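Student: return atomic coordinates for the entry below.
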Amino acid sequence: MTAALLCLGGALLLWPPGARGRRLAAAPGRRLDLTGLPTGRGGVVLPAVLAAAVGLVLSTPVVAGLAAACAAAAGRAVQQRGRTAAGERGTRALVEALGVLVAELRAGRPLVDATATAVDGCTDPGTAGRLGPVLRLGEPPPGADPALVRIAAAVRLSARTGCSLAGVAAAVEDDLQARLRAEQELRSAVAGPRASGTVLAGLPVLGLLMGSGVGADPWRVLTTTTPGTVLLVLGVLLELAGIAWTGRLVRRAVTAP
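Tutor: Below is the predicted model:
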């Protein structure tokens, strides 16, 4: 059983993307994951399968199931943080690219040359892939950020009337910079509650270590007796619920307008 679970985890890690996944990864402007970590279902299922296999080797099936649930929750949290960090990197890259675009346009360079300079100097490949078509065609990609929609509208207006694009691009750049500052202030404000939640989440593990240190052997009680197993399941479920609720409150505070 353990060997089967390990093989399944390896297969999920090495499974090639389907045709749709390859098309999305190759599409212009599609953000690529450069962290080297599994994404999508693999980033959640793979840690769960491996944790379940380890739990079966070291303990009981109940512990294996709880370990899988905890690993899946941890994988989902890592993915969420990765998406947040990637979004911030993309916004910062867009601000820099717009700054270059504004400087080039105000220096009198044609839009084609200014676009090429801004896109080539963009530090995020996904942002560069989305910004280039917007500046060249005046059409935002599906589900584009409101900033790109505004830039696309400005490009179309500039092409029809001949008005300057630099003013609108500068306004969008200022808005994005203000958004980044606000998000940074919100993250700083919730850093304390987030750290407190992390410490509280680790207290049960500390309690187990302290109990083992005084010779009480709480792990044996939790895994080999019926009352202990019931308490272990309830404790892990409450722990996961508390972590999820705390994370939801923090995310709502950070993304609040």
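
Student: lowest-confidence helix or strand of the chain?
Tutor: helix 19-26 (a mean of 39; mean pLDDT, DSSP states H and E).

Student: which is the next helix or strand following it?
Tutor: Note on helix 19-26: by DSSP states H and E, the next helix or strand toward the C-terminus is helix 42-58.

Student: now do that next one: which elements does it pack against?
Tutor: Helices and strands touching helix 42-58, as assessed by 3 or more Cβ pairs under 8 Å, 6 or more residues apart in numbering; DSSP states H and E, comprise helix 2-14, helix 61-106. C-betas here are computed from N, CA, C, even on glycine.

Student: which one of those is the most hemmed in?
Tutor: Compared across the helices and strands packed on helix 42-58, helix 61-106 shows the largest average neighbour count, a mean of 18 (mean count of other Cβ atoms under 10 Å).

Student: what's the angle between that one and helix 42-58?
Tutor: 160 degrees (axes from the mean of the first three to the mean of the last three Cα atoms, to 10 degrees).

Student: and whatever helix or strand comes next after helix 61-106, what's buried?
Tutor: In the C-terminal direction, the helix or strand that comes right after helix 61-106 (DSSP H and E) is helix 111-120. Buried residues in helix 111-120, counting neighbours by 16 or more other Cβ atoms under 10 Å, are found at 111, 114, 115, 116, 117, 118, 119.

Student: do you know how far the most centrally placed residue in the chain is from residue 244?
Tutor: Nearest to the geometric centre of the chain sits residue 83, at 1.8 Å (Cα atoms, centre = their mean). Separation of residue 83 from residue 244 (Cβ to Cβ, to the nearest Å): 17 Å.

Student: spell out the residue ranges of the strands in the stretch 151-257 of the chain.
Tutor: Counting by DSSP state E, counting those that start in this stretch, one finds no strands in the stretch 151-257 of the chain.

Student: low-confidence ranges in it?
Tutor: Low-confidence segments of the stretch 151-257 of the chain (pLDDT under 70): 255-257.

Student: ok, which stretches of it are helices?
Tutor: 166-189, 191-213, 218-224, 226-255 (DSSP state H, counting those that start in this stretch).

Student: tell me the angle the second one makes with helix 166-189.
Tutor: It refers to helix 191-213. Using the same axes, to 10 degrees: helix 191-213 against helix 166-189 is 30 degrees.

Student: next, the angle helix 226-255 makes with helix 191-213.
Tutor: 160 degrees.

Student: i'd like the first residue to be 587 from this point on
Tutor: Renumbered: residue one is now 587, and that last one reads helix 777-799.

Student: what residue in the chain is the furthest from its centre?
Tutor: The centre of the chain is farthest from one residue, residue 801, which by Cα atoms, centre = their mean lies 41.9 Å away.

Student: and the gap between it and residue 789?
Tutor: Relative to residue 789, residue 801 is positioned 20 Å away (Cβ to Cβ).

Student: before we move on, back to that, hmm, which of the buried residues of helix 697-706 is lowest in pLDDT?
Tutor: Across the buried residues of helix 697-706, no position has a lower pLDDT than residue 697, which has 82.

Student: who's in contact with the closest residue to residue 793 other than its chain neighbours?
Tutor: Nearest residue to residue 793 in three dimensions, chain neighbours excluded: residue 804, at 7.6 Å (Cβ to Cβ, 6 or more residues apart in numbering). By Cβ atoms under 8 Å, 6 or more residues apart in numbering, residue 804 lies in contact with 793, 794, 797, 798.

Student: neighbours of residue 639, just the number please.
Tutor: 22 (other Cβ atoms under 10 Å).
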